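Undergrad: What would the 3D arrangement of this be:
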Amino acid sequence: MTHTDTLNTLSALRTALIERTEPTADLAERTAVVLTGAHARHLAGVADRHEARAAALYERIATHLGPRPIAAAAYVLAAQCAFLAADYRRTAALLAAAETHAARHGGDVPPLARLLKLDHRVSAHTAP
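TA: Numbering: from 1, shown residues only. Predicted coordinates for the structure are as follows:
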């Protein structure tokens, strides 16, 4: 993905977030490409001041990605946004979704998931 493609994807994500539109399958695919690339760290920045909505957006994108292993990373990204929104119960639920998805469809859960689970506010909502 070129730098321009990445910027266009980030812009489209921000527009979907602000306008509260349902992400298209195409946007989900483009997000998956960014998630696997060097610019994945910029995806959380799209949430700026709208973290709760971003968590919902990335969760819907994970759903669009279906059984592909990259969907687990989208769930963790959604969890990161929920954490930034101080919604620790939702963070725990999204992390559980990422782990369940990875167990069913293969792939790895990004290391950020372990870090988020270390926070006592998240671990309080994690099943033993």
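
Undergrad: can you give me the helices for this protein?
TA: Under the criterion DSSP state H, the chain contains helices at 3-19, 25-35, 51-64, 70-84, 88-105, 112-118, 120-123.

Undergrad: Which of those sits closest to residue 44?
TA: Among the helices of the chain, helix 70-84 comes nearest to residue 44, with 5.5 Å by CB to CB. All C-beta spots, glycine's among them, are computed from the backbone N, C-alpha and C.

Undergrad: So for the closest one, mean pLDDT?
TA: Confidence for helix 70-84, expressed as mean pLDDT, is 97.

Undergrad: who does that helix touch, helix- and strand-wise?
TA: Judged by 3 or more CB pairs under 8 Å, 6 or more residues apart in numbering; DSSP states H and E, helix 70-84 is in contact with helix 25-35, helix 51-64, helix 88-105, helix 112-118.

Undergrad: can the helices of the chain go into a markdown table with extra columns for mean neighbour count and distance to residue 41?
TA: Shown next, in a markdown table, are these (neighbours: other CB atoms under 10 Å; distance: least, CB to CB, whole Å):
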| stretch | mean neighbour count | distance to residue 41 |
| --- | --- | --- |
| helix 3-19 | 15 | 11 |
| helix 25-35 | 19 | 10 |
| helix 51-64 | 22 | 14 |
| helix 70-84 | 26 | 10 |
| helix 88-105 | 20 | 17 |
| helix 112-118 | 16 | 10 |
| helix 120-123 | 14 | 20 |
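
Undergrad: can I get those in a markdown table with distance to residue 43?
TA: Listed next are those as a markdown table, based on distance: least, CB to CB, whole Å:
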| stretch | distance to residue 43 |
| --- | --- |
| helix 3-19 | 7 |
| helix 25-35 | 6 |
| helix 51-64 | 8 |
| helix 70-84 | 6 |
| helix 88-105 | 14 |
| helix 112-118 | 12 |
| helix 120-123 | 20 |
